[in-house]
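**Q** from the sequence below, what's the structure:
(2 chains)
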Number of protein chains: 2
Amino acid sequence: MSEISAEKLDDLIARLDKGEKRAVARLITYVETNPDFAREIIKKIYHKTGKAYIIGITGAPGSGKSTLTNQIASKFLDKGLKVSVIAVDPTSPFSGGALLGDRIRMKSNFNNKNLFIRSMANRGKLGGLSIATKEAIHVLDAYKSDIILVETVGVGQSEIDIFKSAHTTLVLTVPGMGDDIQAIKAGIMEITDIFVVNKSDHKGAGKKVAEIKGMLDLAESFHIDENTHSIKIAKMEGWRPPIIKTNALSGEGLEELIEKIAEHKKFIEESGLKKRRLLFRYKHYVLEILKNALTKNFEKIIFTNPKIDEFFLKILNHEEGINPYSISDDIMREFLIRYL
Amino acid sequence: MSEISAEKLDDLIARLDKGEKRAVARLITYVETNPDFAREIIKKIYHKTGKAYIIGITGAPGSGKSTLTNQIASKFLDKGLKVSVIAVDPTSPFSGGALLGDRIRMKSNFNNKNLFIRSMANRGKLGGLSIATKEAIHVLDAYKSDIILVETVGVGQSEIDIFKSAHTTLVLTVPGMGDDIQAIKAGIMEITDIFVVNKSDHKGAGKKVAEIKGMLDLAESFHIDENTHSIKIAKMEGWRPPIIKTNALSGEGLEELIEKIAEHKKFIEESGLKKRRLLFRYKHYVLEILKNALTKNFEKIIFTNPKIDEFFLKILNHEEGINPYSISDDIMREFLIRYL
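**A** Predicted structure coming up:
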């Protein structure tokens, strides 16, 4: 898998165009394996993308994300749509594999020809949605998926990253789980398009809805700076995130949730928010490409250029005036300018 | 805290030189808060560092890291040494705060004037040891700590990062915990100087020792490429990681562990490995400084330069030949060269 010929890639893309699931799987594997392959693949398929509707689903562990994702997929499949699911698993060596059980629940849909399911590790970025995931979404988009569901484990960075990729972001909470309220405070609020209180048959569902309502009221009283380049830029007036109670196991509340997703889709299209979100999303994507490219160059300079060691040996002497920051300035001057 | 005058900084550093704990705490807070402060502080203290011995302690949640860290600290305090502890907590909004209880266990040592304890979040890098932690280690080094213990939660990236900062890295496992064996396979092996099987009174301690032994035997049969710039470069022949059984609660095995740490210290000094590790460590530190500096510049260009939007609006049209990679090449040409 260390090389991929242009012919082979063209063949895979021709098979992708024909809707072959095995070609999709192979292309995603290439995207995951090697940034150079990813670059070639995206260059060849990007003009075929932009039609899929991307729905992000996130929330605390144990909130029933996988079951809900399965139910949402079923609803869209029932409408005759082509649905793809990406589940982002953490790569922690200490917890790896714990999510396998969840995937099995999706078995009921497994043989549907309109459904494609893929688990992805998040390469090198714990809790974050890696660039490979963004690129896999593009492969599924070129595969002519109507709906792409991206399910991530709720551990901070991934919620914010999902927002950068998704058109509509659902955040799940469950009654009686105190921690996630803190999470909502910590920024979840700004990225949520629809709140889902799952396991609504559990005690405290009404209380949870009231808590979220209270926070939304509070949030509305703040002015959001449209000029900042922070995540807040994509938040606009005119959409107050609804709070939907669901029971993913029984299917209760699912119809209402699907309706709200459609409503949100209409809203972002008509308000112009969709375009602004896409701009924001691609800015972050390109930022990651640039960062990765330069990191690779830095690593090459720092770890393989024989002249660099004299800089570093100076650091080890702990002399006044020579330190990691002064060395980084020296390297910038001596090497990078020449490189670019 | 948005500004810091040169006089104030000089005053804090004078107080650091006198051994004032409050000045240490303040400097670490500055380092955590603002990369520009960190740069100024490191520039001013770096020549005072390089004398502390840094011990990394990592392992799966529940393996008793905090208790063991406390015990190790006590042993060094008993020898009349000055000991500092940094505990790196994950910033996950979903699990934040869970470690507070652990810190309380260290209470027994709390009033010792030779002991300094600090919890740190890992700014923006889930599971990773952020640059701020590396810089806090330098503050504690300039504070003339003899020993710096860095305790991290075992979630992947942090173990590798700890290795980049520590002279001796301890990896904890406990009997009956199956997951961490997988972790060992996944790279822990290469970063461990001493294996600690904690809770050695629990059933299966002998089996755990045998498992690690088996893996060490297997690892020894592989050739390790000295020329790669990967983590493997710092691994040398001549040191086979010992496996120490401890019971952190009762203190059993602690003496032996302290002896092994001293042995490893002697080994890395005499073999020249210490210098090579330091080189490796500072290369990664400088790499991070460079990456952070350029990321900041990229963000500025991408999010605030008004000319940049025309590039991105082209992406949204999904025309052939225009895609995130081609745009990143354009931006590199048009903006970065001019910037540097």
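**Q** can you get me a residue count around the residue lying closest to residue A:191 once chain neighbours are set aside?
**A** Among residues not flanking residue A:191 along the chain, residue A:163 sits closest, at 3.9 Å (C-beta to C-beta, 6 or more residues apart in numbering or on different chains). All C-beta spots, glycine's among them, are computed from the backbone N, C-alpha and C. When neighbours are counted by other C-beta atoms under 10 Å in any protein chain shown, residue A:163 registers 28.
**Q** for residue A:5, same thing?
**A** Residue A:5: 8 neighbours (other C-beta under 10 Å).
**Q** returning to that earlier point: now do the helix or strand containing the residue nearest to residue A:191, average pLDDT.
**A** Element membership of residue A:163, judged by DSSP states H and E, is helix A:157-165. The pLDDT scores in helix A:157-165 average 71.
**Q** likewise stretch A:48-64?
**A** pLDDT averaged over stretch A:48-64 gives 89.
**Q** end-to-end on that stretch?
**A** From its first residue to its last, stretch A:48-64 covers 33 Å (C-alpha to C-alpha, to the nearest Å).
**Q** next, residue A:152: phi, psi?
**A** Here is the backbone geometry of residue A:152 (degrees, to the nearest 10): phi -130, psi 150.
**Q** isn't it right up against residue A:57?
**A** Yes. Counting by C-beta atoms under 8 Å, residue A:152 touches residue A:57, with 7.5 Å between them.
**Q** middle-most residue in chain A, spatially?
**A** residue A:162 (3.3 Å; C-alpha atoms, centre = their mean).
**Q** tell me the bridge partners for residue A:59.
**A** According to DSSP bridges, the residues that bridge with residue A:59 are residue A:153, residue A:172.
**Q** can you pull the contacts of it?
**A** Contact analysis of residue A:59 by C-beta atoms under 8 Å, 6 or more residues apart in numbering or on different chains lists A:65, A:154, A:170-174, A:180, A:196, A:198.
**Q** okay, and the helix or strand of chain A with the least pLDDT?
**A** Every helix and strand of chain A was ranked by mean pLDDT, DSSP states H and E. The lowest is helix A:100-104, at a mean of 43.
**Q** hang on, residue A:112 in a strand?
**A** No. According to DSSP: H, G, I helix; E, B strand; the rest coil, residue A:112 belongs to no strand; its state is coil.
**Q** and it, what does it touch?
**A** Residues near residue A:112 by C-beta under 8 Å, 6+ apart: residue A:77.
**Q** quick one, phi psi at it?
**A** Backbone dihedrals for residue A:112, given as degrees, to the nearest 10, come out at phi -70, psi 130.
**Q** am I right that residue A:164 is in contact with residue A:282?
**A** No. Residue A:164 is beyond contact range of residue A:282, at 9.2 Å (criterion: C-beta under 8 Å).
**Q** name the element residue A:7 belongs to?
**A** Assigned by DSSP H and E, residue A:7 falls within helix A:6-17.
**Q** near chain B at all, that helix?
**A** No. Helix A:6-17 lies apart from chain B when judged by C-beta under 8 Å from any C-beta of the partner chain; the minimum separation is 12.8 Å.
**Q** list the buried ones in that helix?
**A** For helix A:6-17, the neighbour count (16 or more other C-beta atoms under 10 Å in any protein chain shown) marks A:9, A:12-13, A:15-16 as buried.
**Q** among the residues you listed, which one lies nearest to residue B:247?
**A** The closest of the buried residues of helix A:6-17 to residue B:247 turns out to be residue A:12 (C-beta to C-beta; 56.0 Å).
**Q** show me the contacts for the closest one.
**A** A:23, A:26-27.
**Q** who wins on neighbours among those?
**A** When neighbours are counted by other C-beta under 10 Å, residue A:27 leads the contacts of residue A:12 with 27 neighbours.
**Q** how far away is it from chain B?
**A** With the distance defined as C-beta to the nearest C-beta, to the nearest Å, residue A:27 ends up 15 Å from chain B.
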